[in-house]
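Q: Generate coordinates for the sequence data below:
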Amino acid sequence: MQFLEFARICEQLEGTPGRLDMIEQVAAVLPRLDDEELPVFVRFIMGRVFADWSSKKLGVGPNLLYEAVAYVIGTKRETVREAINATGDAGLAVEELLARKEQTSFFIQEMDLLEVYREFERMAAAEGQRSQREKLRTAQRLFGNARPLEGRYLARLMLEELRIGMGEGNVRDAVARAFELDVRLVEHAHQAMNDLGEVALLARQNPDELSRVTIEPFRPVKMMLAQAGTVAAQLEDHGEVAVEYKYDGSRFQFHKVGDVCRIYSRKLEEVTGSLPDIARQLLEATDHDVILDGEAVAVRDGRPMPFQFVIRRFRRKHEIDSMMEKIELVPRIFDILYLDGETLMDRPLAERRKALEGALGAHVAPQFRVGDAAGAEAIYTEALNLGHEGVMVKVLDSPYTPGVRGRLWVKVKPGVETLDLAVVGAEWGEGRRAKMFGSFLLAVQDQGRLLPVGKVATGITDEVLADLYTLFKEKVIARSGKEVTLEPEVVFEVGYSEIQTSPNYESGYALRFPRFVRVREDKSVDEVETLDTLAGRYRQQKNGQGSF
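A: Residues are numbered from 1 along each chain as shown. As a prediction, this is how the structure comes out:
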């Protein structure tokens, strides 16, 4: 497939309002791709370059993009920046700029899909002091051969924000339709392989294998997610449930085969080198080959410490020993996904718990089975007294569903409700905050699109604002007056008093009295609240359901 054809498909999808029509269009394309093109196309159409489990990263920011385009069209970087500011969309701005360049160009080398992918691989492989220069040269080469429409989607792919609305759910359904398969088979394989590109290839080559796909050590899968809920509703729906402490730590996945182990963060980044103490403790606690799901908790004098202490350890790359002396981490393991060559994800939670207790000699997080509100409330009170955030309430016959947020696991915390939201924009402050961003635009996820739901400005100290400016200043994509558009890479946890319907934001909702809680450095934008779960919270709130 020529990359120009891919760009035309994206343009058509971008102009298609209906979800089912989009799925049909993609499903019609997939069967005519060859085996090498198919996985690349599937990832690209979701705005991703590499598989979710892969450690490869493009490492291309707005400034490198500006510089590459400026070189190709023979202008200054500021001219590119101004064009992007005018449109608010890097892709559309690059398309317009390349249209001017095309009028004076005589030779354009046609690019196909695989050539573009290989260039992206070169970018990801660039390391060391010369890496940015190598990435820049590759970007210049790509834009130098790009027609205007190709430039629109090249720019967006480099920033990994395609903006055409083909999220995982739509692409999963398109794969099922293209190869005439039950969507549940595709979903099962995707949860285990964590790469819809490979799943699409298997769906065509050997569809019978989809049901037999298993997870593999050292290939991390997404973590099962919880949504806010109530103990009362879980007890009413399921009778007896499992109640566990909700830790104010950081999720991790521990993979072990023989004497080799690796630890992955919830963003699926390998962090073994930053957590040698966790690795050692878990290696010593089991003789089995395992994949475990747990939480790293910072402790001092036996009491849990806030999340900020945990994330310092996850970020640490150097002088690990001295940081280990300052911040002690302990693992709390609450699930097992793989044991001695066997995948356990489809087994009920109760069975996985037995397997976990048999495989791990220490560090298993406490779990309590309860069937009444009084018993659950006693555990909830105990959790708070021990310094934990609250409790998790889990359905005993629930499978482990990677990346899925649902009512099989619910979290119950006291106080203000919170949401994890993507930061997609900001506005310059005033007065003493004039040289910093004073408020931030927040968004929920909806099938590959990020839809604004409000702004947050309260709860942020001047010191934190300064840190946030440092964090975001290189992520500015476009400027318009006092407002800036940001690369959607950062997640805020935000408290609120109420969710309201609102015509002012594209999501259709707004937060009343939003308040900044913290940056969720352990979470990726893929994990932010979805529009569906936000709507569910709104309905729950409207029906007057309490938090316990």
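
Q: Might you list the low-confidence residue ranges for the stretch 201-350 of the chain?
A: Across the stretch 201-350 of the chain, the stretches falling below the confidence threshold (pLDDT under 70) are 315-326.

Q: can you map out the helices along it?
A: 231-238, 276-285, 307-315, 320-326, 349-359 (DSSP state H, counting those that start in this stretch).

Q: Pull out the buried residues from the third one.
A: Taking 16 or more other CB atoms under 10 Å as the basis for neighbour counts, the residues of helix 307-315 that come out buried are 307, 309-311, 313-314. (Each C-beta comes from the backbone N, C-alpha and C, glycine too.)

Q: List the contacts of that helix.
A: 248-250, 265, 271, 274-275, 296-298, 323-324, 327, 329, 518, 521-522 (CB atoms under 8 Å, 6 or more residues apart in numbering).

Q: try the longest one
A: When contacts are defined by CB under 8 Å, 6+ apart, helix 349-359 is touched by residues 242, 286, 288, 290, 292, 333-337, 339, 344, 347, 364, 367, 394-400.

Q: Go through the helix or strand just after it and flag the buried ones.
A: Towards the C-terminus, the helix or strand next in line after helix 349-359, according to DSSP states H and E, is strand 367-370. Across strand 367-370, burial judged by 16+ other CB under 10 Å covers 367, 370.

Q: so what strands line up beside strand 367-370?
A: The strands that strand 367-370 pairs with in its sheet are strand 241-246 (antiparallel) (by DSSP bridges).

Q: returning to that earlier point: just put the buried residues of helix 307-315 in a markdown table and tack on distance to Arg100.
A: Compiled in a markdown table, the buried residues of helix 307-315 are given as follows (distance: CB to CB, whole Å):
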| residue | distance to Arg100 |
| --- | --- |
| Phe307 | 49 |
| Phe309 | 52 |
| Val310 | 50 |
| Ile311 | 45 |
| Arg313 | 50 |
| Phe314 | 45 |
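
Q: For Lys57, state which of those residues is nearest.
A: Minimum separation from Lys57 among the buried residues of helix 307-315 (CB to CB) is found for Phe314, which lies at 16.6 Å.

Q: Which one, of the helices of the stretch 201-350 of the chain, ends up nearest to Gly425?
A: Checked against CB to CB, the stretch from those lying closest is helix 307-315, at 24.1 Å.

Q: Just the angle for the closest one relative to helix 276-285, thanks.
A: 80 degrees (axes from the mean of the first three to the mean of the last three CA atoms, to 10 degrees).

Q: what stretches of this protein score poorly on pLDDT?
A: Residues of the chain that meet the criterion pLDDT under 70 lie in 102-108, 315-326, 544-547.

Q: one step back: going through the contacts of helix 307-315, which ones are buried?
A: When those are checked for burial by 16+ other CB under 10 Å, the buried set is 248-250, 265, 271, 274-275, 296-298, 324, 327, 329, 518, 521-522.

Q: from those, which two are the most distant?
A: Maximum distance among these (CB to CB): 23.2 Å, for Met324 and Arg518.

Q: Which elements pack onto the helix or strand where Val80 lies?
A: Under the assignment given by DSSP H and E, the secondary-structure element containing Val80 is helix 77-87. Applying 3 or more CB pairs under 8 Å, 6 or more residues apart in numbering; DSSP states H and E, one finds that helix 77-87 makes contact with helix 62-73, helix 90-102, strand 476-480.
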